[in-house]
Structure formats: C-alpha cells, structure tokens
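Participant: build the 3D model from these lines:
(one chain, ligands or ions: 4)
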Amino acid sequence: MLDYDLHCHSTVSDGLLSPTDLVGRAAERGVKVLALTDHDDVAGLSEAAEVAAGRGMQLVKGVEISVTWRTRSLHIVGLNIDPAFPLLVEGLQGIRNGRGARAQLMAESLARSGIGGALEGAYRYADNPSLIGRTHFARFLVESGHSRDVASVFKNYLVKGKPGFVPHQWASLPDAVGWIAGSGGVAVLAHPGRYLVAGKKMGTTTMRELLREFVDLGGRGIEVVSGSHTPEQYAEFARYAKEFDLFASCGSDFHGPGESYRDLGRLPDFPLECRPVWQAWEK
Ligand code: AMP
Ligand code: MN
Ligand code: MN
Ligand code: MN
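Facilitator: Numbering: from 1, shown residues only. Ligands and ions are numbered 1, 2, ... in the order given. Now for the predicted structure:
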C-alpha cells in the first residue's frame, strides 16, 4: 500500500472539504505525503502546508491544469511546483478568467432545456467563484432533483451532445507543461484512462502521439495508479510509463466523501518496474 496520495481537490476548486479538513482526513487515513492539486488554482496550498506540518505530514505543492489538446480536454498535474512562479500565476489566472463566461453559457443551455436558476444554483456550491465549473452545476442538478447523483449528471448533462455542454478552449499543452516545468515542478499526465470520446477510450495511436508530444515538451510523469483507473489500467499505463521513460504517479483524485471513486490514500502499490514520481524531487 502506498502512503503517498498525489492528486486531490479542496473547496478552492471543486472538492467538498476545506484544505484544512482535507489534510486532516488524509492524516487520519495514513497518508504521509499528500499533494493538493486543485484545478487551475494554487490558493489552498499555504493553508494545506501549514496544517500538514502540524500533523507531521509532507505537503507537496500541486495543481491540476485544464488543457485543450486537439479537440479534447485533458488534465496535466503539476507536482512540487513553485506556486509563486509568475508565468504559472498568470497562466492560471487566464484559465480562471474564462470560467465565468463558460458558466453563463452552460446555464443558458440548461435553461433552453427547461432548467432554470442553474447559474445561481451552481455558484451556491462554488466556495471559490472564480473556479466555477461543471461539478458545481452537477451538485445543483442533483439538489434540484434533475439527477440522482453527480455521476449520473455526467451521463445526461454537461457532456458533449447533452444539455449544459459548452465547448471551451483551455490552456495549450505546451503552455501548461512550460508553466509547471518553468516553476521547477514535474508535469504529469492525469488519469490517462479517463479520456473518452463518445464513451470510447483514447486509442493507442492517439495516446502514443499525445505522450510523444508531452515528453518532447518536457512532461515527465504519468498517473498509473489513479482513483479513476481499474487494476488492468494500472498495468496498461505502467507499460506506457516504461515505453516513454516517464515517472509513475499515484493519486486518489478525491473530491469529497460519497462523491469520489476512491477516498484519500490507501492506494495499491505500483506495478513492478515503475519509477515513483517522488524520485524526481526526493534526493
Ligand atoms: P470542468 O473543469 O468545469 O470541466 O469540470 C471538470 C470536473 O468535472 C472534473 O474535475 C471532475 O471533478 C468532474 N467530472 C467530470 N466527469 C465526471 C464524471 N464522469 N463523474 C464525476 N465527476 C466528473
Ligand atoms: Mn474536479
Ligand atoms: Mn482531472
Ligand atoms: Mn482531479
């Protein structure tokens, strides 16, 4: 069992727990090294680091950057970043700036399907309004009785072809990797098993093209053990890690009690031959 958990979310993005409560829960569940990786924002890191220090844990400063690659949305996790690096700070600010207008369009799309009040409803769940996103809309759609739970929202709403979906231009892959690497961090491709188009997972040719480009840009890691991967996918992405000489990362992608595939920590060990990503910063 791994006592590292290098991917999770707080109320600074779309998690349900404050950075303080998140770190406390991780400590109780035996996590020794935790990375807080909120979407497109680093505002929770100093609080998390302070609480972690008080509990004898190590807090790795992280972020999960939203990226558009070709026509797809991807997530790049940055680990061991310097959250004050100016290009990173400005880049993340630019992404956040786009979220408000997108939310407006999402609400208009839902209204055309007869669902009113979604904008105000979603913002009620957004502790950090500049990070308004689909999870906050999902919680509103559950609360208002349109869906049974958050998982079913992402089948019937907010995804391509369904009410509430709005195409969006996120950061470019070269920018996201450049900001992370420039800040001294390690860029990691998040949950590669989750990039579905119309229910179909990314093909091996596209995955190889993505990883080639990612590595050439300075990307150094891939999530192998992820809360959204099956054990078969641990093996699959361990093979890609080996093929592209990438570090392997592990993270629950925890968002909140009852809302995530996995709770914090207690992640299964890496498949053999993986090089753990923390070797990149633990000397
Ligand atoms: P956004 O950045 O606004 O596009 O929102 C993306 C977030 O939606 C992800 O980080 C997840 O938290 C959530 N999400 C996406 N797909 C699903 C899904 N199938 N089930 C649950 N949550 C999802
Ligand atoms: Mn999320
Ligand atoms: Mn993600
Ligand atoms: Mn995540």
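Participant: now the helices for the stretch 151-283 of the chain?
Facilitator: 173-182, 204-217, 231-243 (DSSP state H, counting those that start in this stretch).
Participant: quick check: angle from the last one to helix 204-217?
Facilitator: Same thing as helix 231-243. If you take axes from the mean of the first three to the mean of the last three C-alpha atoms, to 10 degrees, helix 231-243 sits at 50 degrees to helix 204-217.
Participant: mind checking how far the most centrally placed residue in the chain is from ligand 1?
Facilitator: By C-alpha atoms, centre = their mean, the chain has its centre lying nearest to residue 64, at 4.6 Å. Using C-beta to the nearest ligand atom, to the nearest Å, we find residue 64 at a distance of 7 Å from ligand 1. For glycine as for every other residue, the C-beta is placed from the backbone atoms N, C-alpha and C.
Participant: who's that residue bridged to?
Facilitator: Per DSSP bridges, the residues bridged to residue 64 are residue 39, residue 77.
Participant: give me the contacts around stretch 207-216.
Facilitator: Under the contact criterion C-beta atoms under 8 Å, 6 or more residues apart in numbering, stretch 207-216 has outside partners 69, 74, 173, 177, 187, 189, 192, 202, 219, 222, 240, 243-246.
Participant: hmm, back to that, got a list of what the residue nearest to the centre of the chain touches?
Facilitator: So residue 64 contacts 7, 9, 13, 37, 38, 39, 40, 75, 76, 77, 78, 190 (C-beta under 8 Å, 6+ apart).
Participant: mind running it again at 10 Å?
Facilitator: 7-9, 13, 35-41, 75-78, 176, 188, 190-191, 251, 253 (C-beta atoms under 10 Å, 6 or more residues apart in numbering).
Participant: around ligand 3, pick out the residues from this structure.
Facilitator: Residues of the chain found near ligand 3 (C-beta under 5 Å from the ion) are 75, 190.
Participant: can you map out the strands along the chain?
Facilitator: 4-5, 33-36, 58-69, 72-79, 186-189, 196-197, 200-201, 221-226, 247-251 (DSSP state E).
Participant: average pLDDT for stretch 104-111?
Facilitator: In this model, stretch 104-111 has an average pLDDT of 98.
Participant: ok and the residue in the stretch 51-200 of the chain nearest ligand 4?
Facilitator: Closest to ligand 4 within the stretch 51-200 of the chain is residue 64: 4.8 Å, counting by C-beta to the ion.
Participant: ugh, wrong one, the chain
Facilitator: Taking C-beta to the ion, the chain has residue 253 as its residue nearest ligand 4, at 4.4 Å.
Participant: residues in the stretch 1-150 of the chain within reach of ligand 1, list them.
Facilitator: 14, 39, 66, 133, 134, 135, 150 (C-beta under 6 Å from any ligand atom).
Participant: so which of these is the closest to ligand 1?
Facilitator: Ligand 1 lies nearest to residue 133 out of those, by C-beta to the nearest ligand atom, at 2.6 Å.
Participant: mind pulling up the pLDDT for that closest one?
Facilitator: pLDDT, residue 133: 98.
Participant: before we move on, what about the one 3 residues further on?
Facilitator: Per-residue confidence (pLDDT) for residue 136: 98.
Participant: what of the one 5 residues further on?
Facilitator: If you check residue 141, the pLDDT there is 98.
Participant: what's the answer for the one 10 residues further on, then?
Facilitator: Each residue has a pLDDT score; the one for residue 151 is 93.
Participant: the longest helix along the chain - contacts with which helices or strands?
Facilitator: Determined from DSSP state H, the single longest helix within the chain is helix 86-112. Helix 86-112 is packed against strand 58-69, helix 118-123, helix 134-143, helix 173-182, with contacts defined by 3 or more C-beta pairs under 10 Å, 6 or more residues apart in numbering; DSSP states H and E.
Participant: now distance to residue 259 too, for those, in CSV please.
Facilitator: Formatted as CSV, those follow (distance: least, C-beta to C-beta, whole Å):
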stretch, distance to residue 259
strand 58-69, 16
helix 118-123, 15
helix 134-143, 8
helix 173-182, 26
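Participant: so how many other residues sit close to whichever residue of the stretch 151-283 of the chain sits closest to ligand 1?
Facilitator: Residue nearest to ligand 1 within the stretch 151-283 of the chain (C-beta to the nearest ligand atom): residue 154, separated by 3.4 Å. When counting by other C-beta atoms under 10 Å, one arrives at 16 neighbours for residue 154.
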